[in-house]
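Novice: test case, fold it:
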Amino acid sequence: MPMKRALRKGGPRNPNIYSSNPGAGLLGIATLPVSYRSFPKDDGVVISFGTFPGGSIQNFNQGKTSVHEVGHWLGLYHTFQGGCTGNGDFVGDTPAEASPASGCPTNRDTCRNSAGRDPVNNYMDYSFDSCLNQFTPGQYSRMASQYQIYRRNGAGFRSFAEDSNLSDDEAAVLTETDNDKSVISVGSPCDNFGRSECFESKTYFCGGQAPYEWKLWYESC
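Specialist: Presented below is the predicted three-dimensional model:
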């Protein structure tokens with residue numbers, strides 16, 4: 001996007017936020033942390049000016065779009081990512097959701113075989129601004145780990161890739177830390193991110209007594 005390339009300031013740690021009219025009915029656009037290394041000039045968040053408090057876009061003018069898009073910039077996916085199957089949004093404490101919420105529904109449960117009702121109050125859903133008021137602890141943890149891997153270190157995942165003997169087209173996609181046990185999960189993103197045929201399942205002991213087993217990902221300690 002020419003606007004970003006002309007105006008962007010700072011490095012991977014600096015969230016550049018642009019106010020404009022993205023068009024095509026979009027409220028906002030954001031880049032993910034994993035994209036920074038390949039496309040540093042495109043990094044940032046674009047917010048429709050009509051979504052700011054008092055803006056012209058009815059039901060989406062309390063500023064929650066900015067929260068949502070910065071969530072993406074810090075590595076969060078939509079709560080309905082992947083629907084009712086697979087790894088969903090890669091956060092364990094957000095209930096599975098088959099499709100985006102609209103309005104502010106109550107008792108919505110689109111994945112009856114999964115625990116919990118749809119997270120319609122979560123900032124990463126598509127509910128009205130008046131309905132959005134929470135991130136989960138797991139989302140906070142993911143944002144912190146994605147920032148640590150891709151943004152704080154300034155070189156994206158390169159140091160992890162080099163330490164793990166990974167090729168340049170492989171990316172660290174998740175870090176979890178539990179006291180003295182930590183796992184770095186790495187895998188090729190593929191065109192359709194998260195396709196099961198791109199990954200393997202492995203189990204590792206990472207400094208503690210209990211093993212970690214994360215399916216569908218290449219894992220390295």
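
Novice: burial of the closest residue to Arg151 other than its chain neighbours, as a residue count?
Specialist: Spatial nearest neighbour of Arg151, chain neighbours left out: Pro12 (4.4 Å); criterion: Cβ to Cβ, 6 or more residues apart in numbering. C-beta coordinates here come from the backbone N, C-alpha and C atoms, glycine included. A count of neighbours around Pro12, defined by other Cβ atoms under 10 Å, yields 18.

Novice: surely Pro12 and Tyr150 touch.
Specialist: Yes. Assessed by Cβ atoms under 8 Å, Pro12 is found in contact with Tyr150 at 6.5 Å.

Novice: and the closest residue to Gly63 other than its chain neighbours, how close does it get to Thr65?
Specialist: Closest residue to Gly63 apart from its sequence neighbours, by Cβ to Cβ, 6+ apart: Pro53 at 5.0 Å. Noted for Pro53: a distance of 11 Å to Thr65, by Cβ to Cβ, to the nearest Å.

Novice: out of those two, which sits in the busier spot?
Specialist: Using other Cβ under 10 Å as the criterion, Pro53 and Thr65 rank with Thr65 on top: 24 against 10.

Novice: three-state assignment of the more buried one?
Specialist: Three-state assignment for Thr65 (DSSP: H, G, I helix; E, B strand; the rest coil): helix.

Novice: equivalent analysis for the one 3 residues further on, please.
Specialist: With three-state DSSP as the basis, His68 sits in helix.

Novice: which residues are in contact with it?
Specialist: With contacts defined as Cβ atoms under 8 Å, 6 or more residues apart in numbering, His68 is in contact with 27-28, 123-124, 132.

Novice: report pLDDT for it.
Specialist: Confidence at His68, expressed as pLDDT, is 97.

Novice: same thing with Phe160?
Specialist: Confidence score, pLDDT, at Phe160: 38.

Novice: point out where this protein drops to low pLDDT.
Specialist: 153-221 (pLDDT under 70).

Novice: would you map the helices across it?
Specialist: 2-7, 64-73, 137-146, 158-163 (DSSP state H).

Novice: which ones are touching Pro100?
Specialist: By Cβ under 8 Å, 6+ apart, the contact list for Pro100 reads 78, 80, 125-126.

Novice: what about Tyr140, how many residues close to it?
Specialist: For Tyr140, the neighbour count with other Cβ under 10 Å is 13.

Novice: same question, Thr94
Specialist: 26.

Novice: from Val67, how far out is it?
Specialist: From Thr94 over to Val67 the distance is 15 Å, taken as Cβ to Cβ.

Novice: do the same with Pro22
Specialist: 17 Å.

Novice: with Arg5 instead?
Specialist: The value you get for Arg5 to Val67, if Cβ to Cβ is used, is 25 Å.

Novice: of those two, who's got more company?
Specialist: Higher neighbour count among Arg5 and Val67: Val67, with 16 against 10, using other Cβ under 10 Å.

Novice: would you confirm that that one contacts Tyr123?
Specialist: Yes. Contact criterion Cβ under 8 Å: Val67 and Tyr123 qualify, at 5.0 Å.
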